[in-house]
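Sequence first, predicted coordinates after that:
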Amino acid sequence: MKVLDSQKSESVNTLFQDNVTSDSVAFTDQGKNYQDLHKFVDMHITEKSSKNTTKTTLKWAHIAISNAKRTFLGVYHKMSTDYLQNYLNEFAYKLNRRNFADLFERVIIAAVFPYWYESA
């Protein structure tokens, strides 16, 4: 998750240019701010937003966004835009680790992963 200054195509293009490799595939809705993405990715697939699309294709994106909103409203009662990226980073960190079972398994993974990765 990344904070953008605006939803204009220039901001979206800069985000894609800086963070997405050229051999990627982008799935977006048919918004006007995504028109130039074909310049930055190998394939750009657009889909018209509908009730069915929201329930199937974009289901987890909507769940993540709604969970972030709920978290921010419930935990942080007064948020500053200066620190919004930090709040999003914390939420993404917790979301990516929500299925870790317990602390012992986390320690084992952290201890073994660098050695396993180097030998592979």
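Great, that's in hand. Residues are numbered from 1 along each chain as shown.

For the chain, which segments count as helices?
Here the chain has its helices, by DSSP state H, at 9-19, 51-55, 59-75, 84-96, 103-119.

what's near enough to touch D82?
Contact analysis of D82 by CB atoms under 8 Å, 6 or more residues apart in numbering lists nothing. In short, each C-beta sits where N, CA and C put it, glycine included.

Quick check: it vs L37, distance?
29 Å (CB to CB, to the nearest Å).

Point out the one among the helices of the chain that comes closest to N33.
N33 lies closest, by CB to CB, to one member of the helices of the chain: helix 9-19, at 4.4 Å.

Check which residues of stretch 11-22 are buried.
Across stretch 11-22, burial judged by 16 or more other CB atoms under 10 Å covers 12-13, 16.

Kindly report the same for stretch 36-56.
Buried residues in stretch 36-56 (16+ other CB under 10 Å): 37, 40-41, 44.

which intervals of the chain have sub-threshold pLDDT?
The chain contains residues with pLDDT under 70 at 100-101, 114-120.

can you list the domains in it?
Using automatic domain parsing, the domain parsing of the chain gives 1-53, 58-120.

Which stretch among these is buried most, on average?
Each of the domains of the chain was scored by mean neighbour count; the highest is domain 1-53, a mean of 13, by mean count of other CB atoms under 10 Å.

Please tell me how far G31 sits from S11.
G31 sits 12 Å away from S11, going by CB to CB.

Check W60 too.
Separation of W60 from S11 (CB to CB) stands at 23 Å.
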